[in-house]
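> sequence plus the predicted model coming up.
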Amino acid sequence: MLRNKINPMAYASCLMMLLVFAANAQTLRDPTLPGQGFIAVKAKADNPSLVLNSIVNGQHSYAVINNIILSVGDAISGSGLRVSKISQDYVTLSDGRKLQLFQSITER
């Protein structure tokens, strides 16, 4: 008889504890999210960002820009630009811009 009364009480207390933990989990904030007042700005479609992923130097040099393998004279899709020069650590584009590898390391 006592056994039947303890089990429903144990189940009820476990259920209450689960509800309390669920309520606390809903009030917690993800620490990796940006703070209040953060506004995400998207790049304009007419000015896509270009990322120099890597450069392969050898008999023929290749640059990987936005994960696409290009050589000198190739057009960068969607931007209307061409690769003018491929150096050991940077790529010059037809509009004069330079995309540099490891920019944060080399600018010390």
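Done, it's in.
> shouldn't I69 be in contact with H60?
No: using CB atoms under 8 Å, I69 and H60 do not qualify as a contacting pair, with a distance of 11.0 Å. Using the backbone N, CA and C atoms, a C-beta is placed for each residue, glycine as well.
> who has more neighbours, those two?
I69 (12 against 9; other CB atoms under 10 Å).
> tell me which helix or strand that one sits in.
strand 68-70 (DSSP states H and E).
> same deal with Y11?
helix 2-27.
> which secondary structure elements does the next helix or strand after that helix contact?
Using DSSP H and E, the next helix or strand after helix 2-27 towards the C-terminus is strand 52-56. On a contact count with 3 or more CB pairs under 8 Å, 6 or more residues apart in numbering; DSSP states H and E, strand 52-56 meets strand 62-65, strand 90-93.
> got those as CSV, with distance to L33 and mean neighbour count columns?
As requested, the helices and strands packed on strand 52-56 are exported to CSV (distance: least, CB to CB, whole Å; neighbours: other CB atoms under 10 Å):
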stretch, distance to L33, mean neighbour count
strand 62-65, 31, 20
strand 90-93, 35, 18
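> what's the closest of the ones you listed to I76?
Nearest to I76 among those is strand 62-65 (5.9 Å), distances taken as CB to CB.
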